[in-house]
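Chemist: Attaching a predicted model along with its sequence, questions to come.
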Amino acid sequence: MTEPTVAEGLRTDEDGVVTCAWHGGLSDYRVYHDTEWGHPVRDDTRLFEKICLEGFQSGLSWLTILRKREAFRAGFAGFDIPSVAAFGEADVERLVADPGIVRHRGKIVSTINNARRALEMQAEFGSLARYFWSHEPTPEERPAVIDLAHIRANPTTAVSVRISKDLKKRGWTFVGPTTVYAFMQAMGLVNDHLEGCACRTAVEHKRASFHRP
């Protein structure tokens, strides 16, 4: 029997479930797709970790970063914001020498800088979550259909450009609009699971019941 075809950007996995194709059926990537990507997050540590790792991902694949995530967490004190903000030059040199992470000095220094800026933002807004979720796109700012053509055509959005400009004004670095949009997708500020993906409805339910900070 011929298997039913699925839309471009989707795949039918060995368990017969249709999902976004970008995880490629790789077990760790599939778990990330199913259980993390797009699920709304309000924890400041996770938000800070993700925006920093998206900065490290620039020029690389997210799978590379995902598979180094535990090493990043070990090197950056679990992305505890006050701890990273207190890092000094010795920590920079330690991290530059750490083979478990992406040893990009500029991005390492940026993460420490951004932790200090995050502390300022927490003091101003009460939490990073309150700041980021205040920028959640309205329904009018979202397309009616999320398909591969939309994703390919929109690596940035007006909202991610706006957030990026504001973060840069506040002294954050490695937070371009593409990086910010990838962060928004991952942290659930938008649901970009494609139409037809088994996770899309589950994520929508989570977003509907999510208590915005």
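Modeler: That came through, no problem. Owing to the predicted nature of the structure, the values given are computational and were not obtained by experimental measurement. Numbers count the residues shown, from 1 in each chain.

Chemist: List the buried residues in the worst-scoring helix or strand of the chain on mean pLDDT.
Modeler: One helix or strand of the chain scores below all others by mean pLDDT, DSSP states H and E: helix 148-153, with a mean of 85. Neighbour counts using 16 or more other Cβ atoms under 10 Å place 148, 150-151 of helix 148-153 among the buried residues. No exception for glycine: its C-beta is placed from N, CA and C like everyone else's.

Chemist: again with stretch 86-95
Modeler: Buried residues in stretch 86-95, counted by 16+ other Cβ under 10 Å: 87, 91, 95.

Chemist: Inside helices: which ones of these?
Modeler: 91, 95 (DSSP state H).

Chemist: what about the closest residue to residue 80 other than its chain neighbours, distance to residue 60?
Modeler: Take residue 80 and drop its neighbours on the chain: the residue closest to it by Cβ to Cβ, 6 or more residues apart in numbering is residue 45, 6.3 Å away. In this view, residue 45 and residue 60 are 23 Å apart by Cβ to Cβ, to the nearest Å.

Chemist: Please say which of these two ends up with more neighbours.
Modeler: residue 45 (15 against 12; other Cβ atoms under 10 Å).

Chemist: what's the model's confidence in the strand or helix carrying the more buried one, averaged?
Modeler: Using DSSP states H and E, residue 45 sits within helix 44-57. Average pLDDT, helix 44-57: 97.

Chemist: next structured bit after the longest helix seen in the chain?
Modeler: When the chain is parsed with DSSP H, its longest helix is helix 105-125. Counting by DSSP H and E, the next helix or strand C-terminal to helix 105-125 is helix 128-133.

Chemist: Contacts for that next one next, please.
Modeler: Helix 128-133 is contacted from outside by 41-44, 47-48, 118, 121-122, 124-125, 163, 187, 189, 212-213, using Cβ atoms under 8 Å, 6 or more residues apart in numbering.
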